[in-house]
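> Got a predicted structure here, sequence first:
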Amino acid sequence: MLVESGQVAVVTGAARGIGRAIATELASRGVSVVIVDLRAEPLGAVAEELAAAGDGAVVPATVDVADAEAMTALAQRVQERFGRIDLVINNAGIAPNDGKPMWEADLAQWRRVVDVNLFGMLHGIRAFVPHLVAAGRGHVVNIASLAGLSGTPLSASYGTSKHAAVALSEMLLAELELMGLPIGVTVVCPGFVRTPMVEENRDMTRGPEWADRLGADATALLESIEETMKDMLEPDEAARRVLAAVEAGALHTLPTGDVADGARTRTRRVLDAIEASGSD
């Protein structure tokens with residue numbers, strides 16, 4: 001799908017990071033953008049910035065993506081205001097990183113991560129895809145993570161939710177194709193992008209509690225991650241690569257490549273298991 005002036009896009013988690021960068025890029029192309037976030041004050045500042053930079057309308061909406069009814073109501077408001085919805089960017093997400101193995105991690109934290117990262121995405125699909133189906137056009141972008149193709153030791157709630165986000169995206173496209181519906185799906189699996197969420201987790205891993213808790217292997221892993229993060233992708237470039245994937249009709253896109261070969265290693269293990277099973 002060509003991303004162009006006159007279209008209408010919805011971007012969740014748009015107050016900062018990749019969501020903000022995608023919204024900015026869309027506005028620069030003349031797309032009207034509905035920006036969604038829980039943080040009203042920074043969202044308002046982003047709305048003012050985008051309104052000054054683009055020709056399309058910019059509408060801020062303070063909504064919790066984990067609230068299914070609120071997301072459905074938002075979709076209805078967008079449809080009523082603009083009469084169309086072309087692009088849905090399910091970007092909102094959280095990434096707690098306390099350095100605990102999953103058998104010690106807080107259960108309430110797990111539930112919140114899944115509520116936002118997985119059910120928030122599902123709520124976006126359930127709220128907006130019916131409007132795309134009715135129009136017979138559009139594209140859904142789900143922002144997952146490279147952790148959804150490999151793994152994130154000591155942050156299992158995040159990695160698990162992102163694996164689920166990848167599977168959700170694949171199943172969404174399969175169902176749309178099964179029904180002959182011309183709606184695209186792209187699942188984005190970035191590694192390290194220079195965003196506030198990444199920087200916050202980076203600061204946490206430098207704290208003394210991590211050194212006390214982890215063994216030599218884990219410490220070496222953190223040092224390797226720290227080295228990799230020296231060359232993080234900038235959000236504006238990540239946004240351009242995401243929209244390029246949309247226009248190419250790609251299902252999967254890795255805007256930062258395969259950091260530390262994690263996705264390749266996992267894929268090879270699966271392929272080796274298939275070979276060992278004797279399947280063709």
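Noted; the coordinates are in hand. Numbers count the residues shown, from 1 in each chain.
> Show me what the longest helix along the chain is packed up against.
Scanning the chain for the helix with the most residues, using DSSP state H, yields helix 156-178. With contacts taken as 3 or more CB pairs under 8 Å, 6 or more residues apart in numbering; DSSP states H and E, helix 156-178 sits against helix 107-114, helix 120-135, strand 139-143, strand 184-188. Where C-beta positions appear, they are placed from N, C-alpha and C, glycine not excepted.
> Output the ones you listed as CSV; include the columns distance to Ala95, mean pLDDT and mean neighbour count.
Shown next, in CSV, are those (distance: least, CB to CB, whole Å; pLDDT from 0 to 100; neighbours: other CB atoms under 10 Å):
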stretch, distance to Ala95, mean pLDDT, mean neighbour count
helix 107-114, 8, 95, 14
helix 120-135, 13, 98, 20
strand 139-143, 12, 98, 25
strand 184-188, 15, 98, 26
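> Output these as TSV; include the columns distance to Leu74.
Shown next, in TSV, are the helices and strands packed on helix 156-178 (distance: least, CB to CB, whole Å):
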stretch	distance to Leu74
helix 107-114	20
helix 120-135	7
strand 139-143	15
strand 184-188	20
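> Point out where the stretch 101-250 of the chain drops to low pLDDT.
198-230 (pLDDT under 70).
> now do 50
Counting by pLDDT under 50, the low-confidence segments of the stretch 101-250 of the chain come to 206, 208.
> list the buried ones in stretch 187-197?
Val187, Val188, Cys189, Pro190, Gly191, Phe192, Val193, Arg194, Thr195, Met197 (16 or more other CB atoms under 10 Å).
> in the sheet, who's paired with the first one?
Beta-bridge pairing of Val187, defined through DSSP bridges, involves Asn142, His252.
> For it, list the residues it contacts.
Contact analysis of Val187 by CB atoms under 8 Å, 6 or more residues apart in numbering lists Val141, Asn142, Ala144, Gly148, Ala165, Val166, Ser169, Glu170, Leu251, His252, Thr253.
> For PyMOL, write a command that selects the buried ones of those residues.
A single PyMOL command selects the buried members of those (16+ other CB under 10 Å):
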select buried, resi 141+142+144+148+165+166+169+252+253
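> so which of the contacts of Val187 comes closest to Ser277?
For the contacts of Val187, the minimum distance to Ser277 (CB to CB) is 21.4 Å, reached by Glu170.
> contacting residues around stretch 37-56?
In contact with stretch 37-56 (CB under 8 Å, 6+ apart) are residues 5-6, 12-16, 19-20, 23-24, 26-33, 35-36, 57-60, 62-64, 92.
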